[in-house]
Structure formats: C-alpha cells, structure tokens
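Asks: with the input below, show me the fold.
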Amino acid sequence: MKYLSRMLLFVTLFAISIPTISNAIEYGSLQVGHTYIISKQTPITPSFNTSDTTKYTMLSSGSGFEVLEIRPKIVNNEWYIVNIWYRVNAYDIVKAQIISGWIDSVALFGQDIKEYKIEKD
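Replies: Next up is the predicted model:
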C-alpha cells in the first residue's frame with residue numbers, strides 16, 4: 001500500500017497542469033543557456049550533493065538566474081521519484097549579489113517564472 005500511494009503521488013505530481021499566464025514558464029521545463037525571473041523567494045544550495053538543507057540562501061522575489069546545467073536527482077533512493085535540479089548563476093536583486101548554486105525544480109512549483117529576453121531593435 002505504501003508503494004502504491006507513493007507511486008500515485010509521483011504520477012499526480014507530473015500530471016498536474018501548472019496554472020500559468022501566457023508568457024510564464026512551467027517549473028520543470030527550463031532550458032540550459034536561458035535566463036529566468038522568479039516570482040517568489042526561492043532557495044539556492046551551494047552543492048548538488050548537499051544533504052544539509054540548512055546550507056542554502058534565499059533568492060528574493062524578482063531575482064533572476066541563468067541555467068548552466070540540468071541534472072535529475074533520485075529522492076530518498078526511490079527510483080520512481082526524481083527531482084530536476086538546475087545549476088545556476090543567480091543575481092539577487094535585493095542583496096545585489098551574484099550567487100552560484102543549485103535550485104530544485106520543486107522550489108519553483110507554483111511560481112510565475114518568466115524568461116528574461118533582451119529586446120533587440
């Protein structure tokens with residue numbers, strides 16, 4: 001039963017349609033080389049392999065980040081639960097500092113994520 005409930009949770013998480021506005025990006029579809037703006041505070045960890053969740057920095061709402069790498073991570077040694085992690089260079093607009101690290105796609109769930117594009121004349 002425990003296995004079945006976990007499997008249903010996994011299937012449900014990936015079957016939910018994320019409410020987005022027309023120019024928003026879904027939390028699991030970010031691409032390497034693209035820059036995005038977040039709408040809520042978001043944790044960024046210094047290392048992909050960190051198990052210490054206290055070693056993170058919160059990016060302020062409205063901050064941006066460039067995706068450098070995308071890597072899946074198995075959760076709790078359960079092969080059927082995989083989180084997508086993004087290695088990023090982020091710019092915190094409140095602290096006015098650049099932070100390098102990893103963002104878990106789950107932390108982006110429910111946000112109004114927008115791609116940052118420079119308009120050319």
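
Asks: would you verify that residue 107 is located in a helix?
Replies: Yes - assessed with DSSP: H, G, I helix; E, B strand; the rest coil, residue 107 lies in a helix.

Asks: residue 71 versus that one, what's the distance?
Replies: 15 Å (CB to CB, to the nearest Å). C-betas here are computed from N, CA, C, even on glycine.

Asks: of these two, who's got more company?
Replies: residue 107 (22 against 11; other CB atoms under 10 Å).

Asks: what's the closest non-adjacent residue to that one?
Replies: residue 42 (5.1 Å; CB to CB, 6 or more residues apart in numbering).

Asks: and residue 90, by the same measure?
Replies: residue 65 (3.8 Å).

Asks: give the helix, strand or coil label for that neighbour.
Replies: With three-state DSSP as the criterion, residue 65 reads strand.

Asks: list the contacts for it?
Replies: By CB atoms under 8 Å, 6 or more residues apart in numbering, the contact set of residue 65 is 35, 36, 38, 44, 59, 86, 88, 89, 90, 91, 103.
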